[in-house]
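S.K.: next comes the sequence, and after it the predicted model I'd like to discuss.
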Amino acid sequence: MNHNLSPGWPARRSAISAQLLTQFGLDQGLSLTRCLQGTGLDLPLLGNPGAEIAAEQELRLIRNLVHNLGHLPGIGLKAGMRYHLNTYGIWGFALLSSPTFRSAAQLGLRYLDLTYAFHAVRLEEIGDEAHLILDERDLAEDLRTFIIERDSAGILSLQRDLSNLSVPLLRASFRGAAPSDLTTHKDVLGLEPTFNAAENRIVFARSLLDQALPGANPHVALNCEQQCQALLAKRQVRGGLSGRIRDRLLSSPGQLPDMEQLADELHMTSRTLRRRLDAEGTRFRLLQEEVRLALAEELLAIGGLTLEEIAERLGYGETSNFIHAFRRWKGMTPGQYRIRQPAGTAAEEQCRWV
């Protein structure tokens, strides 16, 4: 996986977009293996509505789709039509509760990091027109067309969900080259866009911005924005180098790498890695223990695994070392923790892992 994420992309995001993209690939005739190859994702994780994944994992999934389906004109537009307000969680509810399109757009752009975007978006008002500009130049070249198409169609889908109406575009332009067939573009956008443009622009009537929205509720909108603030703060804390290391450790619970191995993977010395973690207010050992505790709690909830098997999966050479560490973390032994789990938890967790 590429570890050189643009600083403008949040390191963590909801897994719902990956769920949509995977289902889209399956509906196009791809196998699950081809969709998820190299992503580190699996069905149990994608089936968890509250799961979060690394942005890198979604990019790899998109690259798989592009590799297998990119020859089909407008394939990104078709994928984008599956994105609706309810796929964005609290961000979508905040938009839905806004009084006008303008306030919804302003709020949406303010918390763009809670969406699935990999690029900057800005709103410009020019005369009687409103322009949404999508800047994809930080993206790898092979992903640009699909992602810009996906998000252009997604914007139109959001507009329809907000107003219960389909407002026609005035113009659309894309920086990429024209495809061989414009049928999908005309069907989704309602017009023939221009290509090889200076910027990616979606243009609509400025008067739309002041249109009242049927779901307007100032009290709900305020509460939703407060939740957006809290969620964004939480994801930012989990970002940075420490967030990437957590993701890496979680991806291989049975073979947890040591600090030297991780530093080598990240193309830096262990001294540099230690210094950068210090700057983020943490240490490698703390991250390792945090991951081990999270995995231990899940494995204990599954049922059917012995303490010896769990200790081995977490990289402990001796079961006694695992028991001692768990007692230090939770103030009780793994056996006591397992007994205290609510009835049904083990069965529910088993379903997540099957």
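M.R.: Happy to help now that I have it. Not measured: the values here are computed from a predicted model. Numbers count the residues shown, from 1 in each chain.
S.K.: now do stretch 68-75: everything it contacts.
M.R.: 25, 28, 30, 34, 65, 142, 145-146, 149, 179-185, 188 (Cβ atoms under 8 Å, 6 or more residues apart in numbering). Where C-beta positions appear, they are placed from N, C-alpha and C, glycine not excepted.
S.K.: that should have said stretch 215-229, apologies.
M.R.: Contact partners of stretch 215-229, identified using Cβ under 8 Å, 6+ apart, comprise 90-91, 93-94, 96-100, 103, 107, 111, 114, 162.
S.K.: cross those residues against strands and list the overlap.
M.R.: Taking DSSP state E as the definition of strands, these contribute nothing to them.
S.K.: of those residues, just say which sits nearest to Phe284.
M.R.: Comparing those against Phe284 with Cβ to Cβ picks out Leu114 as the nearest, at 29.0 Å.
S.K.: which residue sits closest to that closest one, ignoring its sequence neighbours?
M.R.: Using Cβ to Cβ, 6 or more residues apart in numbering and skipping the chain neighbours, the partner closest in space to Leu114 is Trp91 (4.3 Å).
S.K.: roughly how far apart are that neighbour and His219?
M.R.: Shown here: Trp91 relative to His219, a distance of 18 Å by Cβ to Cβ, to the nearest Å.
S.K.: so which of those two has more stuff around it?
M.R.: Each of Trp91 and His219 had its neighbours counted (other Cβ atoms under 10 Å), and the higher figure belongs to Trp91 (24 against 8).
S.K.: hang on, the earlier thing: so the residue nearest to Leu114 touches Thr115, yeah?
M.R.: Yes - under the criterion of Cβ atoms under 8 Å, Trp91 lies in contact with Thr115, with a separation of 6.2 Å.
S.K.: what's around Leu46, how many residues?
M.R.: The criterion is other Cβ under 10 Å. On that basis, Leu46 has 23 neighbouring residues.
S.K.: tell me the pLDDT of Arg327.
M.R.: The predicted local confidence for Arg327 comes out at a pLDDT of 86.
S.K.: quick check: what element follows the strand or helix carrying it along the chain?
M.R.: When secondary structure is defined by DSSP states H and E, Arg327 falls within helix 319-330. Scanning forward in sequence from helix 319-330 by DSSP H and E, the next helix or strand is helix 334-339.
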